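**Q** A predicted structure for the sequence below; I have some questions about it.
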Amino acid sequence: MQRPEHAPKAFEAAWNAHDMSQLGALFEADATFVNRFGHYVKGVAEIVALHAPIHQTIYIDSTLRNELIDCVAPSEGVSIVHFWSRLHAGPAHPAGPHDVDTLVLAVLTRRGDGWRIKALENVTLTNPRTGEIVLRRC
(Lines give C-alpha, C1' and ligand atoms only; values in the text may rest on other atoms or scores of the structure.)
Protein backbone atom coordinates (compact mmCIF):
# COMPACT_ATOMS: atom_id res chain seq x y z
CA MET A 1 0.00 0.00 0.00
CA GLN A 2 1.38 3.38 -0.91
CA ARG A 3 -0.43 5.19 1.92
CA PRO A 4 -1.81 3.88 5.22
CA GLU A 5 -5.28 5.22 4.45
CA HIS A 6 -5.40 2.76 1.53
CA ALA A 7 -5.66 -0.14 4.03
CA PRO A 8 -9.48 -0.30 4.18
CA LYS A 9 -9.91 -0.56 0.41
CA ALA A 10 -6.92 -2.90 0.03
CA PHE A 11 -8.39 -5.25 2.65
CA GLU A 12 -11.79 -5.00 0.96
CA ALA A 13 -10.30 -5.85 -2.45
CA ALA A 14 -8.44 -8.91 -1.12
CA TRP A 15 -11.56 -10.15 0.73
CA ASN A 16 -13.87 -9.66 -2.25
CA ALA A 17 -11.41 -11.44 -4.55
CA HIS A 18 -11.19 -14.25 -1.96
CA ASP A 19 -7.47 -14.14 -2.69
CA MET A 20 -5.46 -15.28 0.31
CA SER A 21 -2.10 -14.34 -1.27
CA GLN A 22 -3.39 -10.82 -1.80
CA LEU A 23 -4.69 -10.74 1.78
CA GLY A 24 -1.41 -12.00 3.21
CA ALA A 25 0.58 -9.39 1.27
CA LEU A 26 -1.14 -6.63 3.26
CA PHE A 27 0.51 -7.76 6.52
CA GLU A 28 3.97 -7.65 8.07
CA ALA A 29 5.46 -11.14 8.46
CA ASP A 30 4.96 -11.05 12.26
CA ALA A 31 1.62 -9.20 12.23
CA THR A 32 -1.15 -9.97 14.69
CA PHE A 33 -4.85 -10.32 13.87
CA VAL A 34 -7.90 -10.52 16.12
CA ASN A 35 -11.10 -11.48 14.33
CA ARG A 36 -14.59 -10.38 15.31
CA PHE A 37 -14.96 -13.41 17.58
CA GLY A 38 -11.82 -12.60 19.58
CA HIS A 39 -9.61 -15.24 17.92
CA TYR A 40 -5.96 -14.03 18.08
CA VAL A 41 -3.33 -15.21 15.61
CA LYS A 42 0.23 -14.08 14.89
CA GLY A 43 2.11 -14.19 11.60
CA VAL A 44 1.01 -14.03 7.97
CA ALA A 45 0.74 -17.82 7.68
CA GLU A 46 -1.64 -17.94 10.65
CA ILE A 47 -3.67 -14.98 9.37
CA VAL A 48 -4.10 -16.67 6.00
CA ALA A 49 -4.83 -20.03 7.69
CA LEU A 50 -7.59 -18.33 9.72
CA HIS A 51 -9.22 -16.90 6.59
CA ALA A 52 -8.65 -19.54 3.88
CA PRO A 53 -11.19 -22.14 5.12
CA ILE A 54 -14.02 -19.64 5.53
CA HIS A 55 -13.38 -18.18 2.08
CA GLN A 56 -13.77 -21.69 0.66
CA THR A 57 -17.00 -22.36 2.56
CA ILE A 58 -19.32 -20.00 4.46
CA TYR A 59 -17.86 -16.76 3.02
CA ILE A 60 -17.22 -18.01 -0.52
CA ASP A 61 -19.93 -15.66 -1.81
CA SER A 62 -19.46 -12.88 0.74
CA THR A 63 -18.53 -9.29 0.02
CA LEU A 64 -17.02 -6.61 2.20
CA ARG A 65 -17.44 -2.85 2.01
CA ASN A 66 -15.04 -0.72 4.05
CA GLU A 67 -15.11 2.97 4.85
CA LEU A 68 -12.19 4.92 6.31
CA ILE A 69 -12.96 6.73 9.57
CA ASP A 70 -9.56 8.20 10.34
CA CYS A 71 -5.83 7.81 9.97
CA VAL A 72 -3.49 9.15 12.64
CA ALA A 73 0.32 9.09 12.59
CA PRO A 74 1.58 9.00 16.20
CA SER A 75 5.18 8.88 14.96
CA GLU A 76 7.20 8.69 11.76
CA GLY A 77 6.52 5.44 9.89
CA VAL A 78 3.57 4.39 12.06
CA SER A 79 -0.14 5.00 11.43
CA ILE A 80 -3.29 4.00 13.24
CA VAL A 81 -6.27 3.48 10.96
CA HIS A 82 -9.91 3.02 11.98
CA PHE A 83 -12.52 1.92 9.48
CA TRP A 84 -16.06 0.66 9.29
CA SER A 85 -16.57 -2.70 7.65
CA ARG A 86 -19.84 -4.20 6.43
CA LEU A 87 -19.73 -7.91 5.66
CA HIS A 88 -22.49 -9.21 3.43
CA ALA A 89 -22.72 -12.98 3.86
CA GLY A 90 -24.35 -14.72 0.94
CA PRO A 91 -26.47 -17.88 0.58
CA ALA A 92 -23.45 -20.11 1.36
CA HIS A 93 -23.55 -19.01 5.00
CA PRO A 94 -25.52 -21.39 7.27
CA ALA A 95 -27.61 -18.43 8.52
CA GLY A 96 -28.33 -17.39 4.94
CA PRO A 97 -27.77 -13.94 3.50
CA HIS A 98 -27.22 -11.27 6.16
CA ASP A 99 -25.06 -8.28 7.01
CA VAL A 100 -22.64 -7.72 9.89
CA ASP A 101 -21.03 -4.39 10.76
CA THR A 102 -17.68 -4.16 12.48
CA LEU A 103 -15.24 -1.48 13.53
CA VAL A 104 -11.63 -2.21 12.60
CA LEU A 105 -8.50 -0.81 14.22
CA ALA A 106 -5.28 -1.35 12.29
CA VAL A 107 -1.72 -0.32 13.07
CA LEU A 108 0.42 0.07 9.96
CA THR A 109 4.17 0.47 9.59
CA ARG A 110 6.17 1.79 6.68
CA ARG A 111 8.83 -0.44 5.16
CA GLY A 112 10.72 1.10 2.26
CA ASP A 113 8.20 2.64 -0.08
CA GLY A 114 5.12 0.81 1.18
CA TRP A 115 2.92 0.27 4.21
CA ARG A 116 1.92 -3.03 5.82
CA ILE A 117 -0.49 -3.95 8.60
CA LYS A 118 1.35 -4.76 11.83
CA ALA A 119 -1.76 -5.39 13.95
CA LEU A 120 -5.48 -5.53 13.20
CA GLU A 121 -8.47 -5.99 15.48
CA ASN A 122 -12.07 -6.35 14.30
CA VAL A 123 -15.00 -5.71 16.68
CA THR A 124 -18.61 -6.61 15.87
CA LEU A 125 -21.12 -3.87 16.60
CA THR A 126 -23.56 -5.16 19.19
CA ASN A 127 -26.23 -3.79 21.48
CA PRO A 128 -24.58 -3.82 24.94
CA ARG A 129 -27.92 -4.47 26.66
CA THR A 130 -28.97 -7.45 24.57
CA GLY A 131 -25.88 -8.70 22.77
CA GLU A 132 -27.76 -8.48 19.48
CA ILE A 133 -25.75 -7.56 16.42
CA VAL A 134 -26.63 -4.08 15.18
CA LEU A 135 -26.08 -2.41 11.83
CA ARG A 136 -24.92 1.16 11.75
CA ARG A 137 -26.79 3.69 9.67
CA CYS A 138 -24.84 4.34 6.51
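**A** Arrived safely, thanks for sending.
**Q** drop to CA atoms for contacts and neighbour counts, all remaining ones
**A** Fine.
**Q** tally of neighbours for Asn127?
**A** For Asn127, the count of nearby residues is 11 (other CA atoms under 10 Å).
**Q** Can you show me the helices along this protein?
**A** Using DSSP state H, the helices of the chain run over 7-17, 20-24, 44-56.
**Q** want to throw these into JSON lines with mean neighbour count?
**A** Putting the helices of the chain into JSON lines (neighbours: other CA atoms under 10 Å) gives the following:
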{"stretch": "helix 7-17", "mean neighbour count": "19"}
{"stretch": "helix 20-24", "mean neighbour count": "18"}
{"stretch": "helix 44-56", "mean neighbour count": "17"}
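**Q** okay if I get those helices as TSV plus distance to Asp101 and mean pLDDT?
**A** Converted to TSV, the helices of the chain look like this (distance: least, CA to CA, whole Å; pLDDT from 0 to 100):
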stretch	distance to Asp101	mean pLDDT
helix 7-17	13	98
helix 20-24	20	97
helix 44-56	18	97
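**Q** for the protein, what are the low-confidence residue spans?
**A** Low-confidence segments of the chain, defined by pLDDT under 70: 138.
**Q** Tell me where it has strands.
**A** Taking DSSP state E to define them, one finds strands in the chain at 27-34, 40-42, 63-75, 78-89, 98-111, 114-124.
**Q** Mind giving me the packing neighbours of the second one?
**A** If contacts are counted by 3 or more CA pairs under 8 Å, 6 or more residues apart in numbering; DSSP states H and E, strand 40-42 sits against strand 27-34.
**Q** Give me the residues contacting the strand it packs on.
**A** Here strand 27-34 makes contact (CA atoms under 8 Å, 6 or more residues apart in numbering) with 39-44, 47, 116-122.
**Q** mind running it again at 7 Å?
**A** 40-44, 47, 116-122 (CA atoms under 7 Å, 6 or more residues apart in numbering).
**Q** Off-centre distance for that strand?
**A** Distance of strand 27-34 from the chain centroid (CA atoms, centre = their mean, to the nearest Å) equals 11 Å.
**Q** Throw the contacts of strand 27-34 into TSV and include distance to Gln22, thanks.
**A** Shown next, in TSV, are the contacts of strand 27-34 (distance: CA to CA, whole Å):
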residue	distance to Gln22
Tyr40	20
Val41	18
Lys42	17
Gly43	15
Val44	11
Ile47	12
Arg116	12
Ile117	13
Lys118	16
Ala119	17
Leu120	16
Glu121	19
Asn122	19
